[in-house]
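**Q** got a predicted structure here, sequence first:
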Amino acid sequence: MAPIRIALAGVGLSGQVFQAPMILSLPDLFELHTVIERNPKTPRGVIGDKFNIQPKIARSVEEALQDPEVELLVVGTPTHTHFAIAKAALEAGKHVLVDKPVTATHAEALELGALAKSKNLVLYGFQNRRWDSDYLTLGKVLQSGRLGTVTDFESHFDRYSPALKGTWKDLDHPGNGWTYDLGAHLIDQALQLFGRPEKLTAFLSNIRRVGNPAFTIHLDYPSKEDHPLTVILRGHSLTVRKPQLRYIVRGTKGTFVKYGVDVQEDQLKAGITTQDPQFACEPSDIAATLETLEEDGKIVTSQQLSSERGNYKGLYENLGRAIRNGEPLAVKWDEASQVIELIELARRSSVQGSTLEVPKSQN
């Protein structure tokens, strides 16, 4: 079966670090056929030079979409451009993968979802951190029942970034800010683990007067076995150094604690490929610990866990099989849309200084 020919829109961080390396690591499934670059400085362009390949260079999205050989458009451009680019691709009959946050508004996400469904095309949100090592490890622990009923879930994603970097992410565009950027990952993971909450309370701060550099979002869930669940999601972008607290999860039978973030992003930035034996393998010094309790509350064990291996390729593998073989999507578009819906609720909650009811899902 012929590889899926891809046009890549976005040659910045998303294109260079996350998209191109995954595409090139799966030559049986994908071919990086075209790269969209308006003003390439060399014949091969940024992606071609970095990865020593010779893709076709398109000077515009429109040019790439006119090519009948292109089957899939990967969108890694600034968030406020996602909707228009993805809509044009769907209207041109192309499948689409969109980096997170998938759109700047929930209404835009819903419109794209309806359009893709009407055309029987695959529309996929790049929620790659479902394949983080620590998230996979936590999921395995939760499934084992070793924590009992979860009562408190706290998830952090922080950056040490004491100064603005001068990129498009620092600009006051729709969909910019840490709540949309890092918060999209944390919200998505919470929805996957626990479903839609009943209530949401958020505190967003504009320390730099740009976007939302810090967020704290509380998600409240109904009681389970007389144990209400509170989920706290936190992100900060100024003075948090490594190793940061990533998770602390408390249950009726134990506590899961994790410091340090998944290594795949840093490895990809350093040029380490997915073929490296150490790719996506967490070092033992940031492995999670698990404390389990007896019925009288005494600690029975306190152990360091073996980290599951991360697998960003898993997202692309699922995407390719979904397009070629109709495999169910691991990241459904309505799930990616719900993330934007909750971000909008968080912004409203923070402005109003109030707790908001989360509407029932329409799906």
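**A** Sure thing, it's come through.

**Q** domain parsing for this structure?
**A** 4-126, 130-310+343-356 (automatic domain parsing).

**Q** straight-line length of the longest one, end to end?
**A** Looking back up the chat, that one is domain 130-310+343-356. 27 Å (C-alpha to C-alpha, to the nearest Å).

**Q** the domains of the chain: lowest mean pLDDT?
**A** Mean pLDDT is lowest for domain 130-310+343-356 among the domains of the chain, at a mean of 88.

**Q** I figured T201 hits S349, correct?
**A** Yes - the criterion here is C-beta atoms under 8 Å, and T201 meets it with S349 at 5.6 Å. Where C-beta positions appear, they are placed from N, C-alpha and C, glycine not excepted.

**Q** JSON lines for the domains of the chain, including distance to N318?
**A** Listed next are those as JSON lines, based on distance: least, C-beta to C-beta, whole Å:
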{"stretch": "domain 4-126", "distance to N318": "8"}
{"stretch": "domain 130-310+343-356", "distance to N318": "10"}
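
**Q** out of these, which is closest to L329?
**A** domain 4-126 (6.3 Å; C-beta to C-beta).

**Q** which one of the domains of the chain lies nearest to A336?
**A** When the domains of the chain are compared (using C-beta to C-beta), the closest one is domain 4-126, at 3.0 Å.

**Q** pull the distance from the closest one to the chain's centre.
**A** 16 Å (C-alpha atoms, centre = their mean, to the nearest Å).

**Q** number of nearby residues for the spatially closest residue to S349 that is not a sequence neighbour?
**A** The spatially closest residue to S349, leaving aside those adjacent along the chain, is A202, at 4.3 Å (C-beta to C-beta, 6 or more residues apart in numbering). For A202, the neighbour count with other C-beta atoms under 10 Å is 27.

**Q** list the strands paired with the helix or strand encompassing A202, with their directions.
**A** Per DSSP states H and E: A202 is located in strand 199-205. When sheet partners are counted by DSSP bridges, strand 199-205 sits next to strand 214-224 (antiparallel), strand 356-357 (antiparallel).

**Q** now that strand: buried residues?
**A** 200-202, 204 (16 or more other C-beta atoms under 10 Å).

**Q** same check on stretch 54-70?
**A** 55-58, 61, 64-65, 67, 70.

**Q** now these in CSV, with distance to N176 and secondary structure?
**A** Output for the buried residues of stretch 54-70, formatted as CSV (distance: C-beta to C-beta, whole Å; DSSP: H, G, I helix; E, B strand; the rest coil):
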residue, distance to N176, secondary structure
P55, 28, coil
K56, 31, strand
I57, 28, strand
A58, 26, strand
V61, 20, helix
A64, 25, helix
L65, 26, helix
D67, 31, coil
V70, 28, coil
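
**Q** ranges for the helices of the stretch 201-350 of the chain?
**A** 264-269, 313-325, 333-352 (DSSP state H, counting those that start in this stretch).

**Q** what residues does the last one touch?
**A** What that stands for is helix 333-352. 98, 100-106, 109-110, 112-113, 116, 123-125, 127, 179-180, 183-184, 187-188, 191-192, 196, 200-204, 212, 215, 217, 355-356, 358, 361, 363 (C-beta atoms under 8 Å, 6 or more residues apart in numbering).

**Q** tell me how far that helix lies from the chain's centre.
**A** Distance, centroid of helix 333-352 to centroid of chain: 15 Å (C-alpha atoms, centre = their mean).
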